[in-house]
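**Q** With the sequence up front, the predicted model follows.
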Amino acid sequence: MAHSKALLVLENFIAGKFVPCSSYIDSYNPSTGDVYCRVPDSGKEEVEAAVKAAKAAFPIWSSKSPLERSQILNKLADLIEHDLEAFAQAESKDQGKTITFARAVDIPRAVYNFRFFASSILHHTTECTEMATMGCVHYTSRAPVGVAGLISPWNLPLYLLTWKIAPAIACGNTVVAKPSEMTSVTAWMMCKLLEKAGVPHGVVNVVFGTGAKAGEALVCHPDVPLISFTGSTLTAQRIMEKSAPHCKRLSLELGGKNPAIIFDDADLSQCIPTTMRSSFANQGEICLCTSRVFVQRGIYRDFLKRFVAEAKKWKVGNPSDPTVDMGALISKEHLEKVRSYVKKAQAEGARVLCGEGTDSLVLPTGNQKGYFMLPTIIAEVKDESCCMQEEIFGPVTCVVAFDTEEEVIERANSVKYGLAATVWSSNVGRVHRVAQRLQSGLVWTNCWLVRDLNLPFGGMKASGIGREGAKDSYEFFTEVKTITIKH
Ligand code: NAD
């Protein structure tokens, strides 16, 4: 198909150059429903070229000192920060998220990812033990692994991609990255800054395209010993199968079905606005979003009334309007999927208290074909319902009552996922007890989404394998060796 001049056309970034592709796929603006961008439909051939470039760049990059790499990462952070507004506008248009969220969260965090790993790479230590009886000293040394394959999803595009690129290259690896085919623009914009930042050609290569073609070619490539993947549990299963013949090192950050547990001594003035954000921020399209709210029976009615009242205040519409709280969902298909869960809940006898099918959504003229829905709260849902078991990944949250601590821990743990939980109580003993027993990689008490990048991030059960963070990413992106010296 001929490319219209009005459309943005992306190119792969291989060996420091933008390279056109022989075929392209359409990318939509979720807030208007229009195609506005064409993304390379890369496959084996493009991945092969990118891996070759990354392999060629590895000897030079891996032999640079941590300080030299750190300076380059910091420079890249400065350049992205300098263009923060352009990046935020692009992310909002490409993903459907509000410009406010892109300005405050996505792009600042992408900048910080580079600054953080630029700093942390300078401070790692290795281990050493002395074995006096044998006249030996043992120590460990760490070296980069080689070409890292990095695959990221569409919900926090540049934020999550840089959470992988930054530690990978800080440790001395070279990379082939594949962003989601639905949100490729900010990765392409970042490539334009690499040379100016001093990143040598071939250190960062970005191949655009679908998971089935480009993603799988990367996963199956014999010269890519390591894959860092963030996305759905289903795709992770496929990646594990496809990489098994090569025994690849995998880091898998996957889906969630995150509980918020609200005890009757919680400070509701803090809890309600935070649970609104934890349920509906970024259209509920954050792996850490709350989707099951357990409220202790004594405060259940009061909580529900106030929570629904807050949800009704949220403004849904044009993401570039700074007064809007919730933008568009990523795609038409995803919107239909999220809506179908609300219908299933209704069919099972649950009550939709606000949002989808209950309140009317009024959209600006230019956004009538966009993929919008209102924040939706469902009550009286059974724990076995698919709405309480499966990841919906949209602005839908279920609220149910509980009686005892013992009961709520069991119910919160009764899903296949284990990513993030939130506990609300003013009893410090109770929050410790509950946090210890929840099957969850992250537990926030009396807050949500407060992160220290030094500490491990990742999920239990079907929510992932491995952890990322200062020390964990360093360990994942390096190979350790134990050396023994006898005197
Ligand atoms: P997805 O699994 O469909 O896709 C993620 C990435 O994998 C995309 O780049 C896609 O093109 C690629 N991919 C798809 N099939 C592939 C294959 N066979 N081989 C290689 N790559 C393939 O996920 P999504 O819909 O883009 O993202 C939403 C999911 O991501 C949700 O489940 C969400 O919970 C999860 N997520 C998890 C975290 C976390 O840190 N745990 C963060 C954000 C999102």
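**A** Right, received. Where do you want to start?
**Q** tell me which parts of this structure are close to the ligand?
**A** 151-155, 160, 178, 180-181, 210-212, 215-216, 219, 230-232, 235, 238-239, 253-256, 287, 391, 393, 419, 459, 464 (CB under 6 Å from any ligand atom). In this view, the C-beta of every residue, glycine as well, is placed from N, C-alpha and C.
**Q** switch to 5 Å and redo it
**A** 151, 153-154, 180, 211, 215-216, 219, 230-232, 235, 238, 253, 255, 287 (CB under 5 Å from any ligand atom).
**Q** Filter those down to the buried ones, ChimeraX style.
**A** Those of these that count as buried under 16 or more other CB atoms under 10 Å are selected in ChimeraX with:
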select :151,153,154,180,211,215,216,219,230,231,232,235,253,255,287
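**Q** Residue 436: neighbour count?
**A** Other residues within reach of residue 436, judged by other CB atoms under 10 Å, total 9.
**Q** quick revisit: of the residues of the chain next to the ligand, which pair is most distant in space?
**A** Across these, the longest distance by CB to CB is 22.0 Å; it joins 216 and 287.
**Q** residues in contact with residue 11?
**A** By CB atoms under 8 Å, 6 or more residues apart in numbering, the contact set of residue 11 is 18-21, 40, 188.
**Q** Quick check: closest non-adjacent residue to it.
**A** Counting by CB to CB, 6 or more residues apart in numbering, residue 18 is the residue found nearest to residue 11 once chain neighbours are left out, at 4.1 Å.
**Q** Quickly run through the sheet partners of the helix or strand the one you found falls within, with directions.
**A** Using DSSP states H and E, residue 18 maps to strand 17-19. Strand 17-19 pairs in its sheet with strand 12-14 (antiparallel), by DSSP bridges.
**Q** quick one: average pLDDT of the partner strand?
**A** Mean pLDDT, computed over strand 12-14, is 98.
**Q** Go through the longest helix belonging to the chain and flag the buried ones.
**A** The longest helix of the chain (DSSP state H) is helix 44-62. For helix 44-62, a neighbour-count test (16+ other CB under 10 Å) marks 46-47, 49-55, 57-58, 61-62 as buried.
**Q** again with stretch 63-83
**A** 66, 69-70, 72-77, 79-81, 83.
**Q** do the same with stretch 430-450
**A** 430-431, 434-435, 438-446, 448-449.
**Q** next one: phi and psi at the closest residue to residue 109 other than its chain neighbours?
**A** Beyond its immediate neighbours in the sequence, the residue positioned closest to residue 109 (CB to CB, 6+ apart) is residue 159, lying 4.7 Å away. Main-chain torsions, residue 159, degrees, to the nearest 10: phi -60, psi -50.
**Q** State the distance from residue 159 to residue 207.
**A** Taking CB to CB, to the nearest Å as the measure, residue 159 falls 20 Å from residue 207.
**Q** residue contacts, the residue nearest the centre of the chain?
**A** What sits nearest the mean C-alpha location of the chain, by CA atoms, centre = their mean, is residue 160, with 4.9 Å. By CB under 8 Å, 6+ apart, the contact list for residue 160 reads 152-153, 230.
**Q** Which helix or strand contains it?
**A** Per DSSP H and E: residue 160 is located in helix 157-170.
**Q** same deal with residue 307?
**A** Applying DSSP H and E, one finds residue 307 within helix 297-313.
**Q** do residue 186 as well
**A** Per DSSP H and E: helix 185-197 holds residue 186.
**Q** the domain parsing of this protein - what is it?
**A** Domain ranges of the chain: 8-254+463-486, 258-445, per the TED database.
**Q** Which of these sits closest to residue 453?
**A** domain 8-254+463-486 (5.0 Å).
**Q** Just the terminal-to-terminal distance for that closest one.
**A** 62 Å (CA to CA, to the nearest Å).
**Q** neighbour-wise, which of residue 159 and residue 207 wins?
**A** More crowded of residue 159 and residue 207, by other CB under 10 Å: residue 207, with 28 against 22.
**Q** which residues touch the more buried one?
**A** Contacts of residue 207 by CB under 8 Å, 6+ apart are 12, 14, 40, 42, 46-47, 50, 176-178, 214, 218.
**Q** Pull out the buried residues from the residues you listed.
**A** Buried, going by 16+ other CB under 10 Å: 12, 14, 40, 42, 46-47, 50, 176-178, 214, 218, out of the contacts of residue 207.
**Q** could I get these as JSON lines with distance to residue 399?
**A** Shown next, in JSON lines, are the buried ones among the contacts of residue 207 (distance: CB to CB, whole Å):
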{"residue": "12", "distance to residue 399": "46"}
{"residue": "14", "distance to residue 399": "49"}
{"residue": "40", "distance to residue 399": "44"}
{"residue": "42", "distance to residue 399": "43"}
{"residue": "46", "distance to residue 399": "47"}
{"residue": "47", "distance to residue 399": "45"}
{"residue": "50", "distance to residue 399": "46"}
{"residue": "176", "distance to residue 399": "43"}
{"residue": "177", "distance to residue 399": "39"}
{"residue": "178", "distance to residue 399": "38"}
{"residue": "214", "distance to residue 399": "40"}
{"residue": "218", "distance to residue 399": "41"}
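**Q** From these, pick the one nearest the ligand.
**A** Of all these, residue 178 has the smallest distance to the ligand: 5.7 Å, by CB to the nearest ligand atom.
**Q** Test my guess that the closest one contacts residue 208.
**A** Yes. Using CB atoms under 8 Å, residue 178 is in contact with residue 208, at 7.2 Å.
**Q** Look up the residues that both of these two are in contact with.
**A** 42, 214.
**Q** so residue 68, which of the three states?
**A** Classification of residue 68 using DSSP: H, G, I helix; E, B strand; the rest coil returns helix.
**Q** where's it relative to residue 119, distance?
**A** 14 Å.
**Q** Please apply the same query to residue 411.
**A** Note on residue 411: its distance to residue 119, by CB to CB, is 41 Å.
**Q** next one: residue 336
**A** In terms of CB to CB, residue 336 sits 44 Å off from residue 119.
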